[in-house]
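Novice: give me a model of this one.
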Amino acid sequence: MKNQNSATVLGALVADSASLGLHWIYDPARIAEIESVKGLVFLQPDANNYSGVKGYFAHRLKTTGDGTSYGETCLLMLKHLAKHGTFARIAYQSEYRAHFGPGGEYVGYIDSPTPLTLRTLSALEPAEFPAASGADDDQHPALAALPSLVAAHDGTLEELMARVEEAVRVTNNNALAVSAARCASAALFKLLHGTPLAQALNEASSFAGSPLEPLLAEALAMPQLDSIAAAERFGSACHVAERLPLIFHIAQRAPDYRTAVESNIRAGGDNCGRSIMLGALVAADAVSRNPSECPIPLPWLARYRKFVAAADARAAL
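Specialist: The predicted structure is shown next:
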């Protein structure tokens, strides 16, 4: 993988980990209060931060530097591609079941599509796995595996679109999830192949279809970075129709990786879910503009607990 491709994947993984401590607080004012006292990134999950506000404390088993299930999905895809050289659906389904299922390496919160997918896969032998084993749901992990898949892809955009749909339907057998994934992947693919970020986002919007495309157009038309206002307009929960417009808005308007990640955290809600594709886009864009510098702050890289595993898988590719 080239430096830009490597930054794409690390940008996704580190952004997820940086956001963990304030995941699913739906109150930007509370996040601002916490930031003024404790800071914003790589905070230890703390149930007290969720007291008295709309939110859900999901990460009681996590510690600073861990990833959420979003980050674990992105890393699992990276390891899969390093092992097999390309996306191999049945092998990926087996690895997904082993990683997130009973007795697997992952310990922590998983939301609704994952157990439904695991229920399907756990009842079958690998040779019997259906191509569309996922839940009819447009939430996580519809976008989570994409940075690794796109960064490792060495074919055409058309070939990538087919590969993306195949991968997404493993966990999300849902038309809106597939449309959002195709759109996000097209944006990242175009960016990695030399298209300026703003142009890549605009051109990729045509892959989104209804009802996403007009929402993305509105998000891209916002004249200045305001993640909190964008979250109020589009929503900040886990569904792709809320997630993708906010990702596109921040990616287009943030001047650098740090600002993008911090702005996303301040918007609240499912900031970790958004962070995967957002971190990938802004890291790839930063490297395209300045290939000699790492866009991810070095202290952030050092705090990400699975950096070595990610680096080893990246090197294997």
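Novice: counting contacts, what elements does the helix or strand harbouring Gln93 pack onto?
Specialist: Counting by DSSP states H and E, the secondary-structure element that holds Gln93 is helix 89-100. Secondary-structure packing of helix 89-100 (3 or more C-beta pairs under 8 Å, 6 or more residues apart in numbering; DSSP states H and E): helix 69-84, helix 113-122, helix 157-171. For the C-beta atoms, the positions are set from N, CA and C on the backbone; glycine is no exception.
Novice: looking at these, which is buried most?
Specialist: Of the helices and strands packed on helix 89-100, the one with the most neighbours on average (mean count of other C-beta atoms under 10 Å) is helix 69-84, at a mean of 24.
Novice: got any ranges where the stretch 1-150 of the chain has weak pLDDT?
Specialist: In the predicted model of the stretch 1-150 of the chain, residues 1 satisfy pLDDT under 70.
Novice: 90 instead, please
Specialist: Of all residues in the stretch 1-150 of the chain, those with pLDDT under 90 make up the ranges 1-3, 111-112, 140-141.
Novice: how about the helices in the stretch 201-317 of the chain?
Specialist: 212-221, 227-234, 240-253, 257-267, 271-289, 298-303, 307-316 (DSSP state H, counting those that start in this stretch).
Novice: mean pLDDT, mean neighbour count and distance to Arg60 for these - can I get that in CSV?
Specialist: What follows is those, written out as CSV (pLDDT from 0 to 100; neighbours: other C-beta atoms under 10 Å; distance: least, C-beta to C-beta, whole Å):
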stretch, mean pLDDT, mean neighbour count, distance to Arg60
helix 212-221, 98, 17, 33
helix 227-234, 98, 20, 25
helix 240-253, 97, 26, 24
helix 257-267, 98, 24, 19
helix 271-289, 97, 28, 15
helix 298-303, 97, 14, 20
helix 307-316, 93, 16, 23
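Novice: so which of the ones you listed is nearest Ala184?
Specialist: Taking C-beta to C-beta as the measure, those were each checked against Ala184, and helix 271-289 came out nearest at 5.0 Å.
Novice: counting contacts, what elements does that closest one pack onto?
Specialist: Packing partners of helix 271-289 (3+ C-beta pairs under 8 Å, 6+ apart): helix 3-19, helix 69-84, helix 146-151, helix 175-192, helix 197-204, helix 240-253, helix 257-267.
Novice: residues in contact with Ala135?
Specialist: Contacts for Ala135 were tallied using C-beta atoms under 8 Å, 6 or more residues apart in numbering; they are Ser112, Pro113, Leu116, Thr117, Thr171, Asn172, Asn173, Asn174.
Novice: from these, which two are the most distant?
Specialist: Between all members of the contacts of Ala135, the longest pairwise span (C-beta to C-beta) is found for Ser112 and Asn173 and amounts to 13.1 Å.
Novice: count of neighbours near Gly134?
Specialist: 26 (other C-beta atoms under 10 Å).
Novice: heads up, I number from 27, so please use that
Specialist: OK, 27 is where the count begins now, so the last one is Gly160.
Novice: so it versus Glu191, what's the distance?
Specialist: Distance from Gly160 to Glu191, counting by C-beta to C-beta, to the nearest Å: 11 Å.
Novice: one step back: more crowded one of Ser138 and Asn199?
Specialist: Each of Ser138 and Asn199 has its neighbours counted (other C-beta under 10 Å); Asn199 has more, 21 against 12.
Novice: tell me the one of the contacts of Ala161 nearest Gly299?
Specialist: When the contacts of Ala161 are compared for distance to Gly299 (C-beta to C-beta), Pro139 wins out at 11.7 Å.
Novice: the closest one: what's it in contact with?
Specialist: Counting by C-beta under 8 Å, 6+ apart, the residues that Pro139 touches are Gly160, Ala161, Asp163, Gln165, His166, Pro167, Ala168, Thr197, Asn198.
Novice: in strands only, show me those.
Specialist: By the criterion of DSSP state E, membership of the contacts of Pro139 in strands covers no residue at all.
Novice: export these as TSV, with columns for distance to Phe83.
Specialist: Compiled in TSV, these are given as follows (distance: C-beta to C-beta, whole Å):
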residue	distance to Phe83
Gly160	27
Ala161	24
Asp163	22
Gln165	18
His166	17
Pro167	21
Ala168	24
Thr197	24
Asn198	25
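Novice: great, nothing more from me.
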